[in-house]
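> Got a sequence here, can you build the structure:
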Amino acid sequence: MRVGVGLPSTVPGTQGQLIIEWASRADEGPFSSLGVLDRMVYDSYDPLITLGAVASHPVEATDAATLLTGQRLTPELITEVVTLAAKRSKPLDNADLTINYRKQVTPVYIRRALTSFL
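Model prediction:
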């Protein structure tokens with residue numbers, strides 16, 4: 001089973017060093033992916049800055065973000081966003097998983113993440 005971990009970048013008062021420590025531990029295993037959230041109600045670390053601090057090359061899915069902005073989340077909107085965001089993804093290849101597998105599961109993870117907010 002593949003399990004991802006969300007970095008605590010939206011937890012008020014979290015220090016940057018703790019986020020880097022979490023990412024390092026996730027990289028050691030058994031986690032297959034990292035994720036971050038964004039909060040608009042209270043202060044949190046910017047998700048792109050967070051990923052930039054812990055990832056080799058984060059990619060911003062601006063088309064997907066623009067489509068989401070100001071919209072009520074629906075299953076139809078999620079389908080559109082998944083398509084746009086997955087096109088921008090560039091998963092890294094490693095010894096655990098092939099690049100083809102990572103490209104196939106990227107839209108699955110995006111859909112799961114967004115669906116959890118319905």
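> Once you drop chain neighbours, what's closest to the residue sitting nearest the centre point of the chain?
With distances taken as C-alpha atoms, centre = their mean, the residue of the chain nearest its centroid is residue 35 (3.5 Å). Among residues not flanking residue 35 along the chain, residue 6 sits closest, at 4.7 Å (C-beta to C-beta, 6 or more residues apart in numbering). No exception for glycine: its C-beta is placed from N, CA and C like everyone else's.
> Could you pull out the strands in the chain for me?
3-6, 31-35 (DSSP state E).
> neighbouring contacts of the last one?
Outside strand 31-35, the residues within contact range by C-beta atoms under 8 Å, 6 or more residues apart in numbering are 2-7, 23, 26, 51, 54-55, 96-97, 109, 113.
> Quick check: the farthest pair among those residues?
Greatest spatial distance among the contacts of strand 31-35 (C-beta to C-beta): 96 and 113, at 20.8 Å.
> tell me what the least confident helix or strand in the chain by mean pLDDT is packed against?
One helix or strand of the chain scores below all others by mean pLDDT, DSSP states H and E: helix 47-54, with a mean of 72. Secondary-structure packing of helix 47-54 (3 or more C-beta pairs under 8 Å, 6 or more residues apart in numbering; DSSP states H and E): helix 16-28.
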